[in-house]
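Peer 1: generate coordinates for the sequence data below:
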Amino acid sequence: MKRITTIIIILLLITSVAIANRAQPWIELTIHPVKATEADQKLRLLPTSEEQTDGDALPLYRKAIQLLPDNSQLKQFSDWRSLPPEQLPAEQVESALKKLKPVLDLVTQATKCKQCNWPLIKPGQANQSNIDDLSKFRQFAFILDAQAKLQINLGRYDEAAKTIKTSFAMAKHLGDAPTIVHGLVGIAIAAMNLSVTEQWIQSENSPNLYWAFDDLPQPLIDMNKAIKIETDNLKNYNSQLREQFDQQLKPAHDRTRRQMNLLDRKIAALQCIEALRLYAGTHDGKFPEKLSDVANVSIPVDTVTKKPFSYKSTGSEAVLELEATEGSQGRDAVRYELKLK
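Peer 2: Reported below is the predicted structural model:
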């Protein structure tokens, strides 16, 4: 019975992650041509080895959870998620963030830790307490989302980069956990953070993230470890039950991998878009006729198909597409409609 409950929790989380990370039919981005700078090439979206510490992140996250106010006081951060940076009530957001500074300081400190020593949860032990704790990480993500948008809107790109870095690092810590439920929340947080980088790309005078995207690992959130642990745990059951659980879990594992892969495909696509921004910055504010015309940086390919992205250009407008992958029924197809400003 406990095992069935765990499977249900995983399936529900996959559904929520798919919503957070769903491939929109099309995404319109109005971007600004930009020339590469030395500072751009040094930007990173995960803590560097010099920034990392040898401590354990988990106690720091738990302290931050204890300092969080109740959900009613945090609802505004969830509401602000749907707003672009320029529509945020800046003074209200800044005031709310100041009250949460002790929480954000702890989360930032935690994300700089090399290790996050999650306890190993045995099969059937995904209880309500574990789920409640994971919901707090989503609250952290909502708060960081609002902070990054505010910083982007105010042109504080150095600060915004640090906030985005904190969110990605927290997502990776969750992805390093030995359970699928933690990794799924990590995927959802990383997907939310990618939406923030899309808004960064559209902001005037924003630094170019080509090299920052290139530095991110593939996969960004590696779910294979947790899936293997989940599969290995089936060995504790007799052959009949093992076969039954395997049939129930395999579709969930397949969907989990598709969500994991979609993150990497989007990162590659956004890196490609940043390469197009660089090209336009040195070619009279125009897109290249074809991707192979970009010579100053390497153009990434689709991380799943290993093929170049579909691309068409009219000079001032362009379309970059991620084609649907096998087994996705078109749910991971994305069309970026790009305009130069």
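
Peer 1: hey, let's count contacts and neighbours off CA atoms from now on
Peer 2: Will do.

Peer 1: would you map the strands across the chain?
Peer 2: 27-31, 53-56, 113-115, 310-313, 317-322, 334-340 (DSSP state E).

Peer 1: may I see the ones you listed arranged in TSV, with mean pLDDT and distance to K42 as well?
Peer 2: Listed next are the strands of the chain as TSV, based on pLDDT from 0 to 100; distance: least, C-alpha to C-alpha, whole Å:
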stretch	mean pLDDT	distance to K42
strand 27-31	95	21
strand 53-56	94	20
strand 113-115	95	21
strand 310-313	96	28
strand 317-322	96	26
strand 334-340	95	25
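
Peer 1: nearest to A39, of these?
Peer 2: A39 sits nearest to strand 27-31 of all the strands of the chain, at 19.4 Å, using C-alpha to C-alpha.

Peer 1: compare the strands of the chain and give me the one nearest I227.
Peer 2: Of all the strands of the chain, strand 113-115 comes closest under C-alpha to C-alpha, at 20.0 Å.

Peer 1: now tell me what touches that closest one from outside.
Peer 2: Contacts of strand 113-115 with the rest of the structure, by C-alpha atoms under 8 Å, 6 or more residues apart in numbering, involve Q52, T53, D54, G55, D56, A57, H173.

Peer 1: OK, contacts around the last one?
Peer 2: By C-alpha under 8 Å, 6+ apart, the contact list for H173 reads T111, Q115, C116, G186.

Peer 1: now list the buried members of those residues.
Peer 2: T111, Q115, C116, G186 (16 or more other C-alpha atoms under 10 Å).

Peer 1: biggest separation within these, which pair?
Peer 2: Distance extremes for the buried ones among the contacts of H173: the farthest pair is Q115 and G186 at 15.4 Å, using C-alpha to C-alpha.

Peer 1: so which residues of the stretch 201-341 of the chain form helices?
Peer 2: 210-215, 224-232, 239-281 (DSSP state H, counting those that start in this stretch).

Peer 1: how far off strand 334-340 does the longest one point, in degrees?
Peer 2: Yep, that's helix 239-281 we're talking about. 10 degrees (axes from the mean of the first three to the mean of the last three C-alpha atoms, to 10 degrees).

Peer 1: give the other helices and strands that helix 239-281 contacts.
Peer 2: When contacts are defined as 3 or more C-alpha pairs under 8 Å, 6 or more residues apart in numbering; DSSP states H and E, helix 239-281 sits against helix 2-20, helix 180-201, helix 210-215, helix 224-232, strand 317-322.
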